[in-house]
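Enquirer: Using only what follows, build the 3D model:
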Amino acid sequence: MSRTIRSWLLWMAVLATSFCVGCFARPSANRPKPPEQKLESRGQAAKPRPEKAKAAAPSTERPSASTGATRESQHAQPAPPPTIPAVVLSDELRAACLVKVGDKLPDAELSDLDGKPRALHSLFGKKLTVVCFWTIGDTERSKLLSAALLGDLAKSLPKPGGDRDVVLVGVNVGDSAEAVRRQLKQAEASFPNLLDRQGKLLAKVTKDGKTPRIYLLDSNGRILWFDLENSRSSRRNLEEAIQVVLGKK
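Expert: Below you'll find the predicted structure:
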């Protein structure tokens, strides 16, 4: 091979090597650069925002004692104070009543079983008095009912004591002293009774003259509760009213 050809080949090899090195050294004009916005967003995603990091972290604060007390007070409702049972009557029976809750029971001077005059208010208790208007009647059924009434009342009320806080007084309407004594003995009741032979006192409390009538009075003779029958519910309400007034319920 001649020297000229050899020099020409060597020159061509140098040019080819230079061209290849330039290709790798220079950035390609056609290669797209990554947008700065994408690189910036990637950097933000790598670093969480302070607000999100704070929300995700568990709270180490404890509720104060006042806050806990407020929440407990919202849930714990105080129990309502006990009250005297309401008097439930039909319109007809209520219209026949001349005295109602809040009124004073009319007073009168009546005879006791020994024939001595006694004022009704003189037998009142220090705190409460139960006054029962009752009659024996002429039939066997009425006699049995009156005996049951007297016995139930004597058992329902607190036993009489020296303090006389709660007193039971009977007002018999229309019967003799002898008949009343027999009926009290049959019922095993020993509370005091007065005689309203003509029904004058009963006429001041009702228009229809029906018995029994049971009144619970305070120390001033004011009506706190009353009922017009002797039943389990009426006795239960009477006992409950006494307990409420005495503060035992």
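Enquirer: next one: phi and psi at T139?
Expert: Main-chain dihedrals, T139, degrees, to the nearest 10: phi -100, psi 160.
Enquirer: quick one, strands of the protein?
Expert: For the chain, the strands defined by DSSP state E cover 109-112, 117-119, 128-134, 166-173, 193-196, 213-217, 223-227.
Enquirer: Export these to JSON lines and append columns for mean neighbour count.
Expert: Any C-beta I mention is one placed from the backbone N, CA and C, and that applies to glycine too. Shown next, in JSON lines, are the strands of the chain (neighbours: other Cβ atoms under 10 Å):
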{"stretch": "strand 109-112", "mean neighbour count": "15"}
{"stretch": "strand 117-119", "mean neighbour count": "13"}
{"stretch": "strand 128-134", "mean neighbour count": "23"}
{"stretch": "strand 166-173", "mean neighbour count": "22"}
{"stretch": "strand 193-196", "mean neighbour count": "22"}
{"stretch": "strand 213-217", "mean neighbour count": "23"}
{"stretch": "strand 223-227", "mean neighbour count": "21"}
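Enquirer: Let me have these in JSON lines, adding mean pLDDT and distance to S156 as columns.
Expert: Shown next, in JSON lines, are the strands of the chain (pLDDT from 0 to 100; distance: least, Cβ to Cβ, whole Å):
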{"stretch": "strand 109-112", "mean pLDDT": "97", "distance to S156": "23"}
{"stretch": "strand 117-119", "mean pLDDT": "97", "distance to S156": "24"}
{"stretch": "strand 128-134", "mean pLDDT": "97", "distance to S156": "9"}
{"stretch": "strand 166-173", "mean pLDDT": "96", "distance to S156": "9"}
{"stretch": "strand 193-196", "mean pLDDT": "98", "distance to S156": "17"}
{"stretch": "strand 213-217", "mean pLDDT": "97", "distance to S156": "10"}
{"stretch": "strand 223-227", "mean pLDDT": "97", "distance to S156": "12"}
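Enquirer: a markdown table for those strands, including distance to K185?
Expert: Shown next, in a markdown table, are those (distance: least, Cβ to Cβ, whole Å):
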| stretch | distance to K185 |
| --- | --- |
| strand 109-112 | 16 |
| strand 117-119 | 21 |
| strand 128-134 | 15 |
| strand 166-173 | 13 |
| strand 193-196 | 12 |
| strand 213-217 | 21 |
| strand 223-227 | 26 |
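Enquirer: I figured N172 was touching V180, is that so?
Expert: Yes: with contact defined as Cβ atoms under 8 Å, N172 reaches V180; the gap is 5.0 Å.
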